[in-house]
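Enquirer: need a 3D model of the sequence below.
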Amino acid sequence: MNKKLVSMMVVLSLLAVGAICSATTVMNATTHNGDFEGGVYGTYWHANPAVNPPPGWSQVSIPSTYIYNGAYGMYAYKNAQAVNNTGEVVLTGSQYTLSFGSGCTGSSVAGNTTVTVSVIATQNIDGTGDSFVLTTVSRTSLVNDVAYTKYTATGTGSIAASAINGYFVKVLVTCNGIAPSQSYVFDDIVVTSEIVPEPATLALLGLGGLLVRKRK
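Expert: Residues are numbered from 1 along each chain as shown. As a prediction, this is how the structure comes out:
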């Protein structure tokens, strides 16, 4: 086989390897404020929506549900929701992995609190328009959970279809449960994306490997 063609196949194979192995950070402590740093400590987000929430975040307007800036993360009432329109762009073939910490604020509500974090593709950068859930992960506190302790939940979602290529990434936190009092803790959100190659790319990668072996 032509040496130039072999070399080109090897290069393409290496590029494919890079595509498979390279993960992109969408949200963490330093990217889009996954640690909820900033805002006014010890205040409710709704009391001053322009100042109190940590930068990049806002509270979804639901009557009588509040989020509080606490020392061990964000504390929230039942049904409270927090949203961050990151502006990150969804690419075809992207697969999103999510992890976060959650827990309860007291033993009396342990076992009743559920925090759900969703990574959502939205048609518009402000979170409006058509949407598609890229991944969603929930954690329900256990009866023996220690108050104000964050327990990690993680998960990986489906592969982004070409129909949502160019959509924007929104991160949504929702608190669900039977306890109406302040009983939720959430923090430490990490979201990464990784391009999952199509079967044709995997076949090319395998062919490149064979060619490398053959040259040896």
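
Enquirer: every contact and neighbour count from this point should use C-alpha atoms.
Expert: OK.

Enquirer: and the spatially most central residue of the chain, its phi and psi?
Expert: Most central in the chain under CA atoms, centre = their mean is Val191, positioned 3.6 Å from the mean C-alpha point. In terms of degrees, to the nearest 10, the main-chain angles of Val191 are phi -130, psi 130.

Enquirer: contacting residues for it?
Expert: Residues in contact with Val191, defined by CA atoms under 8 Å, 6 or more residues apart in numbering, are 25-28, 96-99.

Enquirer: go through these and say which is closest to Ser58.
Expert: Distance to Ser58 across the contacts of Val191 (CA to CA) is lowest for Met27, with 15.6 Å.

Enquirer: isn't the closest one right next to Val190, touching?
Expert: Yes - using CA atoms under 8 Å, Met27 makes contact with Val190 at a distance of 5.2 Å.

Enquirer: what do those two both touch?
Expert: Joint contacts of Met27 and Val190 (CA under 8 Å, 6+ apart) are Gly34.

Enquirer: quick one: average confidence on stretch 163-170?
Expert: Across stretch 163-170, the average pLDDT comes to 98.

Enquirer: show residues contacting it.
Expert: Contacts for stretch 163-170 (CA under 8 Å, 6+ apart): 83-92, 119-125, 127, 132.

Enquirer: buried only: go through those for me.
Expert: Among the contacts of stretch 163-170, those classed as buried by 16 or more other CA atoms under 10 Å are 83-92, 119-125, 127.

Enquirer: so which of these sit within strands?
Expert: 83-89, 119-122 (DSSP state E).

Enquirer: with respect to Thr105, which of those residues is nearest?
Expert: Val83 (21.3 Å).

Enquirer: so who does that closest one touch?
Expert: Val83 sits in contact with 57-60, 170-173, where contact means CA under 8 Å, 6+ apart.

Enquirer: please name the bridge partners of it.
Expert: Listed beta-bridge partners, Val83: Ser58, Leu172 (assigned using DSSP bridges).

Enquirer: what is the neighbour count of the closest residue to Thr174 other than its chain neighbours?
Expert: Counting by CA to CA, 6 or more residues apart in numbering, Thr174 lies nearest to Gln81, which is 4.6 Å off, once chain neighbours are set aside. Gln81: 23 surrounding residues under other CA atoms under 10 Å.

Enquirer: list the contacts of Gln81.
Expert: 59-62, 67, 172-175.

Enquirer: let's have those in CSV, adding distance to Gly39 and neighbour count.
Expert: What follows is the contacts of Gln81, written out as CSV (distance: CA to CA, whole Å; neighbours: other CA atoms under 10 Å):
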residue, distance to Gly39, neighbour count
Gln59, 13, 20
Val60, 16, 18
Ser61, 18, 12
Ile62, 20, 10
Ile67, 12, 27
Leu172, 18, 20
Val173, 17, 24
Thr174, 19, 19
Cys175, 20, 26
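
Enquirer: where does confidence bottom out across those residues?
Expert: Out of the contacts of Gln81, that is Ile62, at 78.

Enquirer: and that one, how far is that from Ala82?
Expert: Separation of Ile62 from Ala82 (CA to CA, to the nearest Å) stands at 11 Å.

Enquirer: try Gly103
Expert: 16 Å.
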